[in-house]
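Student: any chance you can model this:
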Amino acid sequence: MLEPISINIAGLNLLALLPMAILIVGALAILCADLVTKNIGRSFYTMISILFVILDLGAVIGYNGPIRGFFDVLLVDGIAIIGQVIILVASAFFLPLSLSNHSFKEFEMAEFYALFLFMVASFQFMVVSDNLILIFIGLETASLSLYTLIAMHNRAKSFEASIKYFTMGALAAGFYALSALIFYAITGSVEIHQIEEVLIARDFEPLVAILAGTVFMIGALGFKIALVPSHTWTPDVYEGSSAPLAGYMAVVPKVAGFIVAMRLFEMLVLSGVVWLEYILYGAVVLTMTVANITALVQDDVKRMLAFSSISHAGFMMAAILIGTTQANTALFLYWSLFMFANLGAFTMLWIVRHRQNLWDERYQHPFSKFSGMVKIMPASATIMGIFMFALAGMPPFSVFWGKLYLISAAINSQFIYLAVIIACNSAIAVYYYTKLIIYMFIREPIANTNDASLYETNASTPLKVILGIAAMVTMFSILFVEPLLNIITKYVTASGF
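Tutor: Have a look, this model is predicted:
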């Protein structure tokens, strides 16, 4: 007779599920509220969603339980906590952008906020596990939600962007499944830490299978992070999405992908198998260089920012390639600072959005749209200039400190050539960021557009507040970089990375 299976509830550490459970309950509550009454406006949904995100953030920061939980598929280490904080802070900044002057169909629908909360919870599941199956579930659930959120913008370009994203995502899912299958066949486990133990015991043999699994995984995660050559969807999807969602996609999905890549690739790079390092090295260099060169010839600011986000992703993958504690700390410092500058830039595009394409037949935000902007909207032009200088890595603005620490980590680990490549790509990026500044401050306004009302059509108070916070963080980051660096170092070191 079979023995009954006994489960130790205390040993399950259900508290580790609390942060994700908060958002899932919030999403279900929003759907239930919509069933009860159809008269609830976007302000209510936005405030409720922000409330649940803040409660989630409190649960993440206040967590002090065991590292493992729920049948050991959850891994709540320092890396997971930092990643969740970045995801939730970015989400809290994104939600108020729905309260623009113009009313958009997606922001009036309860399903938008429910899908958003489901998506954020799924990203959290990605970062709080080293189980390949749970990571895959989180990845696909988040992706399916994001496809729908893009399409809900209800424009022809949005539908096209959603279909392109879905098609590339399906291919990436296949690559991920093949990679997980290979690693499971080699090691008999889907836990990354157990895979590492088995591969080390076998001296990373058979090498051909490991290389195949690595290549497929780079293809899968490269799609989410937008590594070359899996980056082709990025500019079109950003162009078809609303500006706030495009800015959000440039930050949150990528940080989730970075953490998964950190858990898996650093183990493989540190194996001493030189070909594994060469493969990742090539992907990093190509991503930085190809994205920067392509950004030089863009005519639309949103597409330029899309390619710049690909380049920044290449910088972050360089940290994973280096694989030291300093490099991993640089990754989170860089991305925390980049988050505010990037969201600020996309918020500005959202503020100056016009329902009609007045400046170009195809693009909503061509460079010509910003010609002479300093004479029409001097404050907005100055703030946008600050974000461009920050994204370019110009001192003393925020991203400079992250880039400086990353280059320092590369030099200290004897990745001299990589440090030089990062510096050269940073110099290239200065050109296309300052191109927008030249248009705003040196070019003359286009005839018949010398009217601020054509630009600030979407500028509500919540958008101005978010823009102001992003600008303040970007300008005065030097005041809190050191304490932020100490906090990140503490969590990264505690995780053993």
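
Student: tell me the mean pLDDT for the helix or strand harbouring residue 208?
Tutor: Element membership for residue 208, per DSSP states H and E: helix 207-225. Averaged across helix 207-225, pLDDT comes to 86.

Student: same check, this time on stretch 69-84
Tutor: Here the average pLDDT along stretch 69-84 is 85.

Student: next, the buried residues of it.
Tutor: For stretch 69-84, the neighbour count (16 or more other C-beta atoms under 10 Å) marks 69-70, 72-84 as buried. Where C-beta positions appear, they are placed from N, C-alpha and C, glycine not excepted.

Student: what about the residues you listed, which are in strands?
Tutor: 69, 74, 75 (DSSP state E).

Student: got a list of what the second one touches?
Tutor: For residue 74, the contacting residues are 13, 16, 17, 68, 128, 129, 134, taking C-beta atoms under 8 Å, 6 or more residues apart in numbering as the criterion.

Student: rerun that using 7 Å as the cut-off
Tutor: 16, 68, 128, 129 (C-beta atoms under 7 Å, 6 or more residues apart in numbering).

Student: distance check, the last one against residue 139.
Tutor: Here the distance between residue 129 and residue 139 works out to 11 Å (C-beta to C-beta, to the nearest Å).

Student: do residue 398 as well
Tutor: Taken as C-beta to C-beta, the span from residue 398 to residue 139 is 29 Å.

Student: same question, residue 168
Tutor: Distance from residue 168 to residue 139, by C-beta to C-beta: 13 Å.

Student: tell me the confidence at the one residue sitting closest to the centre of the chain?
Tutor: Geometric centre of the chain, nearest residue: residue 251, 2.3 Å, by C-alpha atoms, centre = their mean. Per-residue pLDDT puts residue 251 at 88.

Student: which of the residues in stretch 106-114 are buried?
Tutor: Quick answer for stretch 106-114 (16+ other C-beta under 10 Å): 106, 107, 110, 111, 112, 113, 114.

Student: do a quick rundown of the helices in the stretch 251-400 of the chain.
Tutor: Along the stretch 251-400 of the chain, counting by DSSP state H, counting those that start in this stretch, helices occupy 252-269, 274-295, 301-322, 325-351, 373-376, 378-391, 398-412.

Student: turn these into TSV, columns for distance to residue 222 and mean neighbour count.
Tutor: As requested, the helices of the stretch 251-400 of the chain are exported to TSV (distance: least, C-beta to C-beta, whole Å; neighbours: other C-beta atoms under 10 Å):
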stretch	distance to residue 222	mean neighbour count
helix 252-269	9	24
helix 274-295	7	19
helix 301-322	9	26
helix 325-351	16	26
helix 373-376	36	20
helix 378-391	22	22
helix 398-412	20	22
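
Student: right, so of these, which gets closest to residue 227?
Tutor: Residue 227 lies closest to helix 274-295 among the helices of the stretch 251-400 of the chain, at 4.8 Å (C-beta to C-beta).

Student: run the angle between the closest one and helix 301-322 for me.
Tutor: Following axes from the mean of the first three to the mean of the last three C-alpha atoms, to 10 degrees, one obtains 160 degrees for the angle between helix 274-295 and helix 301-322.

Student: need the contact partners of helix 274-295.
Tutor: 211, 214-215, 218, 222, 227-228, 231, 265, 268-269, 304, 307-308, 310-311, 313-315, 317-318, 321, 421, 425, 428-429, 432.

Student: quick one: mean pLDDT for it?
Tutor: For helix 274-295, the per-residue pLDDT averages 87.

Student: distance from that helix to the middle of the chain?
Tutor: Relative to its chain's centre, helix 274-295 lies at 19 Å (C-alpha atoms, centre = their mean, to the nearest Å).

Student: related to what we said a few turns ago, dump the buried residues of stretch 106-114 to CSV, plus pLDDT and secondary structure.
Tutor: Putting the buried residues of stretch 106-114 into CSV (pLDDT from 0 to 100; DSSP: H, G, I helix; E, B strand; the rest coil) gives the following:
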residue, pLDDT, secondary structure
106, 78, helix
107, 80, helix
110, 85, helix
111, 88, helix
112, 88, helix
113, 91, helix
114, 91, helix
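
Student: quick check, nearest of the residues you listed to residue 383?
Tutor: The nearest one, if we look at those relative to residue 383 and count by C-beta to C-beta, is residue 107, at 23.6 Å.
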